[in-house]
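*Asks:* just to be clear, the model below is a prediction. Sequence and coordinates:
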Amino acid sequence: MSKFGELIDVEIPVLLEFYTDWNDQSTAMHVVLRDVAAALGDKAKVIKIDVDKNEELAEALRVKALPTLIIYKGGEMKWRQSGEVDANSLIDVLQEYL
């Protein structure tokens with residue numbers, strides 16, 4: 001999990017999406033996340049984490065529903081939500097932490 005710590009312990013917001021390929025809501029979010037990443041450029045990171053390949057991390061963060069979206073900044077969780085969110089709403093939330 002030390003790699004995870006390095007991933008989130010940065011001064012720009014990091015949006016994580018916990019997903020699986022077999023979950024339709026998760027796969028629908030991929031397009032939204034691409035739009036968010038394009039809109040914010042290098043002001044924020046957008047990272048997708050496959051729950052099937054990262055079970056230990058998902059369990060440690062108590063990810064129960066998919067997709068689960070979490071924003072970290074400076075190693076601290078700032079925001080969390082499960083379910084689909086539109087691109088504009090995610091951009092608005094991320095801008096609070098820029």
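*Replies:* Great, that's in hand. Numbers count the residues shown, from 1 in each chain.

*Asks:* now do the residue sitting nearest the centre point of the chain against residue 48, distance only.
*Replies:* The chain has residue 16 as the residue nearest its centroid, 1.6 Å off, counting by Cα atoms, centre = their mean. Distance from residue 16 to residue 48, counting by Cβ to Cβ, to the nearest Å: 8 Å. C-betas here are computed from N, CA, C, even on glycine.

*Asks:* thinking again about what came up before, so the residue nearest to the centre of the chain, which state does it fall into?
*Replies:* strand (DSSP: H, G, I helix; E, B strand; the rest coil).

*Asks:* distance of it from residue 90?
*Replies:* 12 Å.

*Asks:* longest helix of the protein?
*Replies:* Counting by DSSP state H, the longest helix found in the chain is helix 24-40.

*Asks:* just the buried positions in the following helix or strand past that one, please.
*Replies:* Counting by DSSP states H and E, the next helix or strand C-terminal to helix 24-40 is strand 45-50. Buried residues in strand 45-50, counted by 16 or more other Cβ atoms under 10 Å: 45-46, 49.

*Asks:* what does stretch 18-32 give?
*Replies:* Neighbour-count burial for stretch 18-32 [16+ other Cβ under 10 Å]: 18-19, 26, 29, 32.

*Asks:* out of those residues, which one sits closest to residue 56?
*Replies:* Checking the buried residues of stretch 18-32 against residue 56 by Cβ to Cβ gives residue 18 as the nearest, at 12.5 Å.

*Asks:* quick revisit: joint contacts of residue 16 and residue 90?
*Replies:* residue 69 (Cβ atoms under 8 Å, 6 or more residues apart in numbering).

*Asks:* remind me which residues of this structure are low pLDDT?
*Replies:* Scanning the chain for pLDDT under 70 picks out the ranges 1-2.

*Asks:* at 90 instead, please
*Replies:* Scanning the chain for pLDDT under 90 picks out 1-3, 27.

*Asks:* skipping adjacent residues, who's closest to residue 84 in space?
*Replies:* Taking Cβ to Cβ, 6 or more residues apart in numbering, and ignoring the residues beside it in sequence, residue 84 has residue 25 as its nearest neighbour in space, at 5.3 Å.
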